[in-house]
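# sequence first, predicted coordinates after that:
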Amino acid sequence: MAINSGFFNSIGGDRKYKAEFFARYFASFIGNGVFPNPSNNLQVISNNNMVVTVKTGKAWINGFVVFNDGDYNFELEPSDGLLSRIDRIVLRWNKVNRDIELAVKKGDYSDNPSPTNLERTADIFELALADVLVANGVISVTQANITDLRLNSELCGIVHGTVEQVDTTTLFNQYKTWFNETTASELEEFEIWFDSVKDILDENVAGHLLNLINENKDSIEEIQNAQAIQGTIIIPKDGWEASGDESYPLKVEIPITNLKSNHTLEIYVDIPDVKDWLSCDPCETILAMDGKAEIYAMFELSRDIGATYKVVI
């Protein structure tokens, strides 16, 4: 048993302190983990292939510090055709090698895979940054396949200041439990609703819905096309014939491109002495036909008259 203390001024070299002593000193009030700021400090992210990236950041292990100054990539080994595995991305403090390194702990293949345990001995101490699920047969991993472990105090944790770090394990587990339960609940509600309607949506109903959708689409297109029908016309002085209407006994046909029999057409005439001769102003044609319209009047015109027209919806 020995008592060690420090730090005192040296007299003739009698007080020399090694790195291990400084590490023990710092470890007494700075706990292990990754630093909390920025939030993506040493985060493991997907590249949508078999490469994962550890973002820049710093961490603290047993009184020693590690800095990652640039994105650090790992190319994961190919997946198995039948079985899955979970690879664990770790920070490894190595006393013998006198360094802290990033490493991948490849998992064992299994129908129900689990990550490799962390090594924590007198010479090796590991912090887990993330678990990466490499499912069978995949050629890439997504962010959904990566479980962030930085907030789990048992596996990693956040450096929080003096004496000890904040125990974030409970918070992490609560979040994970809430997520799993909420997802399961929403899925259950959807399945209950779907079961209640799937028998209703038989082939006839589904076909009917499709027809309604197509009809609605056609109606929208027809309205859009009708709104585009507008322009100028000439109401001629010649070509009038009996209409059979006592109020407006004469009628004339005027061609109008794209006009349909179900359209409502308005015609505007800006000559005062002519307005009263026509059926109205705006003049709503008594009859709209495909490609033409009939205009009714009280008397024949003495000259050709210019007018504007448009289809109203």
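Arrived safely, thanks for sending.

# please work out how many residues are found near A2.
Neighbourhood size, A2 [other C-beta atoms under 10 Å]: 3. In short, each C-beta sits where N, CA and C put it, glycine included.

# residues contacting it?
By C-beta atoms under 8 Å, 6 or more residues apart in numbering, no residues touch A2.

# for it, helix, strand, or coil?
coil (DSSP: H, G, I helix; E, B strand; the rest coil).

# for stretch 157-168, what is the average pLDDT?
The predicted model gives stretch 157-168 an average pLDDT of 62.

# same question, stretch 73-81
Here the average pLDDT along stretch 73-81 is 92.

# quick one: low-confidence parts of the stretch 51-200 of the chain?
Along the stretch 51-200 of the chain, segments meeting pLDDT under 70 span 160-178, 180-181, 193-200.

# quick one, helices of it?
169-198 (DSSP state H, counting those that start in this stretch).

# and the strands in it?
Taking DSSP state E, counting those that start in this stretch, the strands of the stretch 51-200 of the chain run over residues 51-54, 57-61, 64-68, 72-75, 85-94, 99-105, 124-134, 146-148.

# now do the contacts for the closest residue to D148 other than its chain neighbours.
Among residues not flanking D148 along the chain, A130 sits closest, at 5.5 Å (C-beta to C-beta, 6 or more residues apart in numbering). Contact partners of A130, counting by C-beta under 8 Å, 6+ apart, are 43-44, 52, 88-89, 146-150.

# what's opposite A130 in the beta bridge?
I89, D148 (DSSP bridges).

# what's the domain layout of this protein?
Split into domains by automatic domain parsing, the chain comes to 19-166, 168-194, 195-225, 227-312.

# let me have these in JSON lines, adding distance to A2 as columns.
As requested, the domains of the chain are exported to JSON lines (distance: least, C-beta to C-beta, whole Å):
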{"stretch": "domain 19-166", "distance to A2": "12"}
{"stretch": "domain 168-194", "distance to A2": "35"}
{"stretch": "domain 195-225", "distance to A2": "72"}
{"stretch": "domain 227-312", "distance to A2": "95"}
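
# what's the closest of the ones you listed to I11?
Closest to I11 of these is domain 19-166 (C-beta to C-beta; 17.9 Å).

# before we move on, the earlier item: need the contacts of A130 in TSV (columns: neighbour count and distance to I30).
What follows is those, written out as TSV (neighbours: other C-beta atoms under 10 Å; distance: C-beta to C-beta, whole Å):
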residue	neighbour count	distance to I30
Q43	18	21
V44	24	23
V52	23	28
R88	24	24
I89	25	23
I146	20	28
T147	16	26
D148	16	22
L149	22	20
R150	26	17
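
# wait, which of those is closest to M289?
Checking the contacts of A130 against M289 with C-beta to C-beta, the nearest one is I146 at 67.6 Å.

# can you give me the distance of that closest one to G12?
56 Å (C-beta to C-beta, to the nearest Å).

# likewise E119?
Taking C-beta to C-beta, one finds E119 at 42 Å from G12.

# the two: which has the busier surroundings?
Counting neighbours by other C-beta under 10 Å for E119 and for G12 shows that E119 has the greater number, 13 against 5.

# just checking, the more buried one touches L127?
No. Using C-beta atoms under 8 Å as the test, E119 is too far from L127 to be in contact (10.9 Å).

# quick revisit: for N37, which of the strands of the stretch 51-200 of the chain is the nearest?
strand 57-61 (9.3 Å).
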